[in-house]
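# got a predicted model here, sequence first, then my questions.
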Amino acid sequence: MRVDSVLVTPIAFPDPPLLNAAGVHQPWALRAVVQVRTDTGLVGLGETYGDAAHLDLLDRVAPTLVGLDPFDLNELDRRVGAVARGVNTPDKHGLTGGSTGEKTRARVFASFEVACWDLQGRAVGRPVHALLGGKVRDAVPYSAYLFYKWAGHPGAEPDRWGAALDPDGIVEQARRMIDEYGFGSIKLKGGVFPPEEEVAAIRALHAAFPGLPLRLDPNAAWSPATAISVAKETEGLLQYLEDPTAGIDGMAEVAAAASMPLATNMCVVSVDDLEPGVRRRAVGVILADHHYWGGLRGSRDLIAVCAAFGLGVSMHSNSHLGISLAAMTHLAAATPNLTYACDTHTPWQGGVDVVSEPLRFVDGAAVVPDSPGLGVELDHDALDRLHANYLSCGITSRDDLGYMRTIDPGYDNRRPRW
Ligand SMILES: O=C([O-])C(=O)C[C@H](O)[C@@H](O)C(=O)[O-]
Ligand SMILES: [Mg+2]
């Protein structure tokens, strides 16, 4: 089985005005769908970022993959490296920490690697989780991922979620999301309002959903001193505090003073960060994300390091559709030391998808598919529609800050902000 063509299709789908430390989500979220076709007639699927600089790299790598054996991930890595070596494509929002050449290469590798796993599974008639060592659970728990948000994008009708700008709005959002999906834990995206307001929202969630684990993630919007004082105020309330402050030094300072574990998808984001992150005891939980940790293979290596050093494992999510959800779910299904429910943006995408039958959620957990490969099929009509969105939406790179400043020209995104 050899690769005979690779197709990368940028897509856009509606996204609500979700607020974060970088600004606000634009009306359209960008992704790219990767189809790797073989001379045996199989097609493997991948889903990745849709920003212009990333797409440019994908388009340059794609033709070099012709002739590749989809089982030969080392050769895939070599071919990606031949194009991406030395290239650094930081994103504008910075919500997944800094960017390096190594992280850029891992992101490009991952885009094709997931499609190779899908092909491997389809070729041997087994699900990806079986190739990853076997599933240890039949359903993967995800958390309710809450955001402060406006009722709708400026100038547009309110969306189905409405506004959530205070503790009552956040509790109401949580209630609806839990009613619909059955989630058993809650993450609040913070870094939007002064910390005391976000602590008040955590207290309100604690009162409304006693016993449900809570997390707060301000995306490094706080100084170490502010983070330490929030950690004290939320003692006993949080399962973990995620990226309260920037960098390994700052996180180590806060971790030494905080009673709850600190989690990250911002300060330990590639292999080079692992040694200092562990040595400085900066983090207790790492949010794996196969999209930038070098695919399912790189994420498994990360997860093995977490096991070796007693770090907890969760999963990070950006706006995504059903191919990414399937990839995350297979990886999580085959991860014995998945210690926390994963993040997903799925509820925010309003049922829009690029696969014909997205994974189902039951009691807050995605049911693990057992059909060959990733277990999802591309909906070609949906792909055409979402690609047409991409061509007409006028966005070519995600820019939460730029969009926010079109609405609030004086918006200040200083970090730390508090
Ligand atoms: O730090 C995190 O958990 C994220 O970066 C998750 C998402 O990207 C979220 O913050 C977003 O999209 O606004
Ligand atoms: Mg985070």
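Structure's in. What do you need? Residues are numbered from 1 along each chain as shown. Ligands and ions are numbered 1, 2, ... in the order given.
# tell me which helix or strand Ile248 sits in.
Element membership of Ile248, judged by DSSP states H and E, is helix 247-257.
# what's that helix in contact with?
The contact list for helix 247-257 (C-beta atoms under 8 Å, 6 or more residues apart in numbering) reads 220, 223-224, 227-228, 231-232, 241, 243-245, 261-262, 264, 267-268, 273, 276-277, 280-284. Bear in mind the C-beta positions are built from the backbone N, C-alpha and C, glycine included.
# among those, which lie within helices?
Secondary structure from DSSP state H places 224, 227-228, 231-232, 273, 276-277 of the contacts of helix 247-257 in helices.
# quick one: Val36 is in a helix?
No - Val36 is assigned strand when assessed by DSSP: H, G, I helix; E, B strand; the rest coil, not a helix.
# so what's it up against?
Per C-beta under 8 Å, 6+ apart, neighbours of Val36: 3, 6, 43-46, 65, 70, 112, 115-116, 118-119.
# which of these ranks first by neighbour count?
Highest neighbour count within the contacts of Val36, by other C-beta atoms under 10 Å: Ala115, with 31 neighbours.
# now do the contacts for it.
Ala115 is in contact with 34-36, 44-46, 70, counting by C-beta under 8 Å, 6+ apart.
# rerun at 10 Å
Neighbouring residues of Ala115 by C-beta atoms under 10 Å, 6 or more residues apart in numbering: 3, 6, 33-37, 43-48, 65, 70, 76, 295, 323, 327, 373-374.
# can you check Asn413 too?
With C-beta under 10 Å, 6+ apart, Asn413 has these contacts: 21-23, 93-94, 191, 221, 400-401, 404-405.
# now Pro16
If you count contacts by C-beta under 10 Å, 6+ apart, Pro16 has them with 24-25, 27, 29, 147, 149-153, 156, 158-162, 319, 348-350.
# repeat that for Arg385.
Counting by C-beta under 10 Å, 6+ apart, Arg385 has contacts 11, 13, 352, 354, 379.
# cool, Ser392 as well?
12, 28.
# just say helix, strand or coil for it.
Ser392 ends up helix, using three-state DSSP.
# same deal with Val6?
Secondary structure state of Val6, per three-state DSSP, is strand.
# low-scoring stretches of the stretch 251-400 of the chain, by residue?
The model of the stretch 251-400 of the chain has no residue with pLDDT under 70.
# got the residue ranges for the strands in it?
262-264, 285-288, 312-315, 361-362, 365-367 (DSSP state E, counting those that start in this stretch).
# out of those strands, nearest to Arg60?
Smallest distance to Arg60 across the strands of the stretch 251-400 of the chain (C-beta to C-beta): 26.9 Å, for strand 285-288.
# thinking again about what came up before, would CSV of the ones in helices among the contacts of helix 247-257 with distance to Arg300 and neighbour count be doable?
Listed next are the ones in helices among the contacts of helix 247-257 as CSV, based on distance: C-beta to C-beta, whole Å; neighbours: other C-beta atoms under 10 Å:
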residue, distance to Arg300, neighbour count
Pro224, 32, 20
Ala227, 31, 29
Ile228, 34, 19
Ala231, 31, 21
Lys232, 36, 11
Asp273, 17, 22
Pro276, 22, 15
Gly277, 18, 22
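# among those residues, give me the pair with the biggest separation.
The distance between the two most remote of the ones in helices among the contacts of helix 247-257 (C-beta to C-beta) is 26.7 Å, for Lys232 and Asp273.
# just the mean pLDDT for whichever helix in the chain runs longest, thanks.
Taking DSSP H as the criterion, the chain has its longest helix at helix 101-124. For helix 101-124, the mean per-residue pLDDT is 98.
# for Phe112, what are its contacts?
Per C-beta under 10 Å, 6+ apart, neighbours of Phe112: 3, 6, 8, 34, 36, 44, 46, 48, 58, 61-62, 65, 68, 70, 73, 76-77, 79-80, 295.
# again but with Gln120, I slipped
By C-beta under 10 Å, 6+ apart, Gln120 lies in contact with 1, 42, 44, 69-71, 73, 126, 128, 131, 372-373.
# and if you look at Val34?
So Val34 contacts 6-9, 44-48, 58, 62, 110-116, 118, 323 (C-beta under 10 Å, 6+ apart).
# would you turn the contacts of Val36 into CSV with distance to Ile170?
As requested, the contacts of Val36 are exported to CSV (distance: C-beta to C-beta, whole Å):
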residue, distance to Ile170
Val3, 47
Val6, 43
Val43, 42
Gly44, 40
Leu45, 35
Gly46, 34
Leu65, 45
Pro70, 44
Phe112, 39
Ala115, 38
Cys116, 40
Asp118, 37
Leu119, 42
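# out of those residues, which is nearest to Leu214?
Nearest to Leu214, judged by C-beta to C-beta, of the contacts of Val36 is Gly46 at 33.0 Å.
# partner strands of whatever helix or strand the closest one lives in, with direction?
Assigning secondary structure by DSSP H and E places Gly46 in strand 43-49. Strand 43-49 pairs in its sheet with strand 28-38 (antiparallel), by DSSP bridges.
# right, and Ile186 touches Phe209 too?
Yes - between Ile186 and Phe209 there is a contact under C-beta atoms under 10 Å: 6.6 Å.
# hey, what's in contact with both of those two?
Common neighbours of Ile186 and Phe209 (C-beta under 10 Å, 6+ apart) are 144, 171, 174, 178.
# who wins for neighbours among those?
Ala144 (28 neighbours).
# now it, nearest residue through space, not along the chain?
Excluding the flanking residues, the one nearest Ala144 by C-beta to C-beta, 6 or more residues apart in numbering is Phe183, at 3.8 Å.
# distance of the one you found relative to Ala366?
Per C-beta to C-beta, to the nearest Å, Phe183 is found 11 Å from Ala366.
# shared neighbours, those two?
Residues touching both Phe183 and Ala366 (C-beta under 10 Å, 6+ apart) are 141-142, 344.
# name only those of those residues that count as buried.
Among the shared contacts of Phe183 and Ala366, those buried by neighbour count (16 or more other C-beta atoms under 10 Å) are 141-142, 344.
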